[in-house]
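In: any chance you could fold what I've pasted below:
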Amino acid sequence: MPQIVRLAPVLKGVRLLSLCLNLPGPAALMRCRQMGARCAKLEPPGPLGAPTGTSGDPMGQYNPAAYGLLHEGVRVRVADLKTDRGQAALHRELAKTDVLLTSFRPSALGKLGLDWKLLHRQYPALSQVAIVGAPGTRAEEPGHDLTYLAKHDLISGLTLPPTLYADMGGSLAASEAVLKAVLLQKNTGKGRYLEVALSEAAAYLALPRAWGLTRPGAPVGGGHAGYRVYACQNGRVAVAALEPHFARALCNAAGLAFSGVTTMLQPASRDAIATFLLGQSCEALDRLALAQDIPLLTLPD
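Out: The predicted structure follows:
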C-alpha cells in the first residue's frame, strides 16, 4: 500500500492526543506524525464479544492494513471515556498534551466532559482541533463524505467517487489547523479552539467545478483536446497537454496543425487526436511522451 512522506519535521516536540475514529482524524494524526509530532491516541474498547486486542476504531475492523498505516508510530491506548477509569486516563494524557484532536459532535464532547470552555479552564495552554461534519450551529447534523460531496455537485450519476475526497481534504485542513494552533500557542502562551468542517473541505475541493472549470465542455472538463482521457490500442491514456508548447508537441505527433489554443478547442482536433491515440499502444505512447516531452499517463487494460 503506497504511502508518500515528504514533510519537514516542523512539529518536532509537539505532543498530540487524538480521540478520533475512522478516517479524517487518524489521517490528520498520521500527517502530523510525519511532521515530527509525538502522537498518542485513546480509542474505545473493541465490540462486546470481540477477541482481545480488537480495535475499537471501526477502521481497525474493516481495513486492518489501512488502520496500521494510519497509526504507525502512534502510541495507542484503550480507554472507555464513559467510565471513571477512562476519564482518569484521558486527563493524565491531557496534562501532557499540546493539541487535542477530536471528531465527535459537540453534544458527544459535552457528555464526555470535553466542552471547550471547561477544557480551557483546566488546561489553558492546550489547543483543540475539532473535526465536525458541518460548521458552527450545524455541527450536530448527520452526514458523511458522500453526502458532502453530493451537496457540492461532486457525484456523477449512481457511481461512487473513487476516493473519500471530503475525509482526506478534511484531514489536510485539520493538520493545517494543528500547525496554526501550535503557532498561536507559541505566540500567546494560550490554547485555541479550531473547528474543521468536512462539508467545508468538500466545498473547497469543489471550487473549480463551481467556477465552471471542470463542467462538461469546459476547458478542463473535456473541451480542450489536450486535456482528456482517450482510448488507445490496449487501454486508456490520460493526456494533460494544456500549455501551448505541450499542445503543440501533441498536435505534431498526431499530424495536426497547431495554431494556438483555438486549435485545441475544436471538435475536429479532438477527433484527430482520438484517432491517432487509438492507433497507438500504451508502450508506444510511453516512448512518445519521453521523446516529445508530452505530459500523458497510459492506463493499460
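
In: all strands of the stretch 51-200 of the chain, in order?
Out: In the stretch 51-200 of the chain, the segments counted as strands under DSSP state E, counting those that start in this stretch are 75-78, 99-102, 127-132, 193-197.

In: turn those into TSV, columns for mean pLDDT and distance to residue 12.
Out: (Glycine included, C-beta is placed from N, CA and C.) Shown next, in TSV, are the strands of the stretch 51-200 of the chain (pLDDT from 0 to 100; distance: least, C-beta to C-beta, whole Å):
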stretch	mean pLDDT	distance to residue 12
strand 75-78	96	16
strand 99-102	98	14
strand 127-132	98	17
strand 193-197	98	21
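
In: I'd like those written out as a markdown table, with mean neighbour count and distance to residue 271 added.
Out: Output for the strands of the stretch 51-200 of the chain, formatted as a markdown table (neighbours: other C-beta atoms under 10 Å; distance: least, C-beta to C-beta, whole Å):
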| stretch | mean neighbour count | distance to residue 271 |
| --- | --- | --- |
| strand 75-78 | 14 | 56 |
| strand 99-102 | 25 | 52 |
| strand 127-132 | 26 | 47 |
| strand 193-197 | 20 | 44 |
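
In: now those in TSV, with distance to residue 210?
Out: Compiled in TSV, the strands of the stretch 51-200 of the chain are given as follows (distance: least, C-beta to C-beta, whole Å):
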stretch	distance to residue 210
strand 75-78	39
strand 99-102	29
strand 127-132	22
strand 193-197	17
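
In: so where do the helices sit in the protein?
Out: For the chain, the helices defined by DSSP state H cover 24-34, 58-62, 64-70, 84-94, 106-111, 116-122, 145-151, 165-188, 198-205, 207-210, 244-254, 261-264, 267-278, 282-292.

In: tell me what the third one is packed against?
Out: This points to helix 64-70. Taking 3 or more C-beta pairs under 8 Å, 6 or more residues apart in numbering; DSSP states H and E as contact, the helices and strands that helix 64-70 lies on are helix 24-34, helix 58-62.

In: same thing with the fourth one?
Out: Packed against helix 84-94, as judged by 3+ C-beta pairs under 8 Å, 6+ apart, are the following elements: strand 38-43, helix 116-122.

In: looking at those, spot the one closest to residue 264.
Out: Distance to residue 264, taken as C-beta to C-beta, is lowest for strand 38-43 among those, at 47.3 Å.

In: strands paired with the closest one, and their directions?
Out: strand 15-18 (parallel), strand 75-78 (parallel) (DSSP bridges).

In: can I get it in CSV? Just the C-alpha atoms.
Out: The C-alpha coordinates for strand 38-43 follow below in CSV (Å, rounded to 0.1, in the frame of the first residue of the first chain):
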residue,chain,number,x,y,z
ARG,A,38,4.7,12.9,19.2
CYS,A,39,1.3,11.3,18.7
ALA,A,40,-0.9,9.4,21.1
LYS,A,41,-4.4,8.1,20.7
LEU,A,42,-7.1,6.9,23.1
GLU,A,43,-9.7,4.7,21.5
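
In: specify the residue ranges that define each domain of this protein.
Out: 15-209, 219-300 (automatic domain parsing).

In: could you dump those domains into TSV and include distance to residue 9?
Out: TSV is the format used below for the domains of the chain (distance: least, C-beta to C-beta, whole Å):
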stretch	distance to residue 9
domain 15-209	3
domain 219-300	32
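
In: and of those, who's closest to residue 8?
Out: domain 15-209 (6.8 Å).

In: what about the closest one, how long is it end to end?
Out: With C-alpha to C-alpha, to the nearest Å as the measure, domain 15-209 spans 38 Å from end to end.

In: closest one to residue 267 among the strands paired with strand 38-43?
Out: Across these, closest to residue 267 is strand 15-18 (C-beta to C-beta), at 51.8 Å.

In: got the contact list for residue 236?
Out: Listed by C-beta atoms under 8 Å, 6 or more residues apart in numbering, the contact partners of residue 236 are 229-230, 298-299.
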